[in-house]
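# Quick one: sequence plus predicted model below, questions after.
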Amino acid sequence: MLTDFHRELGTYIKTKQDEDATKLILKELGVCLAKDKDNFVEVLNNAGVPASITDSDITLIEKFSQNALSNKKLLLGASLLINHKNQITNFDGESQVSDAGVKNTYKVLYNNLIGDEEEQSNFIPALLSVGAKLLGKRKENAEQKKADTNAELMKSLLEQRRREAAARVAKAKEEKKKTNRIIIIGSSLVVVTLLAIVIYKATKR
């Protein structure tokens, strides 16, 4: 059984909504960082990007966005991490990582982060003959992609942190209500017991 992530990603791919597909993937990656920092760090390290669990969330996001436009191994690792979080259920009722999901995720990331840059790199001699203006435009485009990637990851991370904080507050309130109910019930039992004693003594007179 497909997850909401896979269904939504599939829809974006079919309708060629590349930007929305990329945002969806980066949103999931931000959640992975918030919930599974250890493996996010491992993805960076396995791709040759030095990272530590002691690095701040902001630092890890910057390391990813700085390398995402040139490191295919990093995008593959991110795709595996996202699909590990969004495992599908097979016919036997077992959860597993979707191979198609990994491929689709990687393809979207590659096409929108690396593809254009790699293609343009093959034409550097031609660009030089045309002039520095086109090279400057390519650099500007790359910087914008990095900034957008960074922004989407940060947005997702902050939203996840907000939800976690709200859940903690709600849980604390519920625990307080339970405690108050126990106190009230306990107090009521004491009152009832005392009343019963008073009535009992009164009947004995």
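Looks like it arrived, so ask away.

# quick one: least confident helix or strand in the protein?
The least trusted helix or strand in the chain, going by mean pLDDT, DSSP states H and E, turns out to be helix 124-130, with a mean of 48.

# On the three-state scheme, F91 is what?
Following DSSP: H, G, I helix; E, B strand; the rest coil, F91 is assigned to coil.

# what number of residues lie near it?
6 (other Cβ atoms under 10 Å). To be clear about C-beta, it is placed using only N, CA and C from the backbone, and glycine gets the same treatment.

# Could you report the distance from the residue nearest to the spatial centre of the chain to Q96?
Residue closest to the average C-alpha location in the chain (Cα atoms, centre = their mean): V31, at 1.6 Å. Using Cβ to Cβ, to the nearest Å, V31 is found at 20 Å from Q96.

# and if you look at T15?
Noted for T15: a distance of 27 Å to Q96, by Cβ to Cβ.

# quick one: contacts for N45?
The neighbours of N45, taking Cβ atoms under 8 Å, 6 or more residues apart in numbering as the test, are A51.

# List the buried residues of stretch 22-35.
By neighbour count on 16 or more other Cβ atoms under 10 Å, the buried set for stretch 22-35 is 22-34.

# and that stretch, average pLDDT?
Stretch 22-35 comes out with an average pLDDT of 95.

# Could you name the helices and strands sitting against the helix or strand hosting L24?
If you go by DSSP states H and E, L24 is part of helix 18-35. Packing partners of helix 18-35 (3 or more Cβ pairs under 8 Å, 6 or more residues apart in numbering; DSSP states H and E): helix 4-14, helix 37-46, helix 57-67, helix 72-85, helix 99-109, helix 132-204.
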